[in-house]
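Undergrad: Compute the structure for the input listed below.
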Amino acid sequence: MIEIKVEANQGASVVRLVGEIDAVAAVAVQQSVLPLAVPGCKLVLDMSSVAYMSSAGLRMLLSVYRSASARQGRIVLMGLSEELKDTMSMTGFLGYFSLADTLEGAVQSLK
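TA: Residues are numbered from 1 along each chain as shown. A predicted model of the protein is given here:
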C-alpha cells in the first residue's frame, strides 16, 4: 500500500510517497505523477518515507523521468535511503536524477 500526496511548493509539484513501491504501487504512483509532467514542469519526489522499491518502481521512475524530460521538465528525488541509492546506483538509474536531502534543497536545485 502506498500513500501519495501532491502539493505545490514555490512553483514545484511535490509528490510525497509513503510506503513501499511494489508492482501495484508503482502503477498508482505513475498514474498520479505522469499528469504532472507538463512542459517545463518541476517535480520533487519525496522518497524519505519509502523503505522498499521493486524493479517495477525503478521502471516507473524511468518512465516519469522520460516523460518530464521530453517536455523540458526536471525531477529531483528527495530523501532517498542509502539502500535505495545503492540499488539505483548499481542499476545505473541514479545518473538520471538530481538528489536532495531536504525539501528546501530540492526546490532550490530546480530554480
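
Undergrad: hmm, who's touching the helix ranked longest in the chain?
TA: When the chain is parsed with DSSP state H, its longest helix is helix 55-70. For helix 55-70, contacts defined as C-beta atoms under 8 Å, 6 or more residues apart in numbering pick out 21-23, 25-27, 29-30, 33-34, 37, 41, 43, 45, 73-75, 77, 87-88, 91, 93, 96-97. Quick note: C-beta positions are derived from backbone N, CA and C, even for glycine.

Undergrad: make it 6 Å
TA: With C-beta atoms under 6 Å, 6 or more residues apart in numbering as the contact definition, helix 55-70 has outside contacts at 21, 23, 26, 29-30, 33-34, 37, 41, 75, 93, 96.

Undergrad: Helices of this protein, residue ranges please.
TA: 23-33, 55-70, 82-91, 103-109.

Undergrad: And L43, how close does it get to M90?
TA: 24 Å (C-beta to C-beta, to the nearest Å).

Undergrad: more crowded one of these two?
TA: The neighbour comparison of L43 against M90 (other C-beta atoms under 10 Å) goes to L43, with 24 against 9.

Undergrad: how close does the residue lying closest to the more buried one once chain neighbours are set aside sit to V6?
TA: Using C-beta to C-beta, 6 or more residues apart in numbering and skipping the chain neighbours, the partner closest in space to L43 is I75 (4.6 Å). Remark: distance between I75 and V6 (C-beta to C-beta) = 14 Å.
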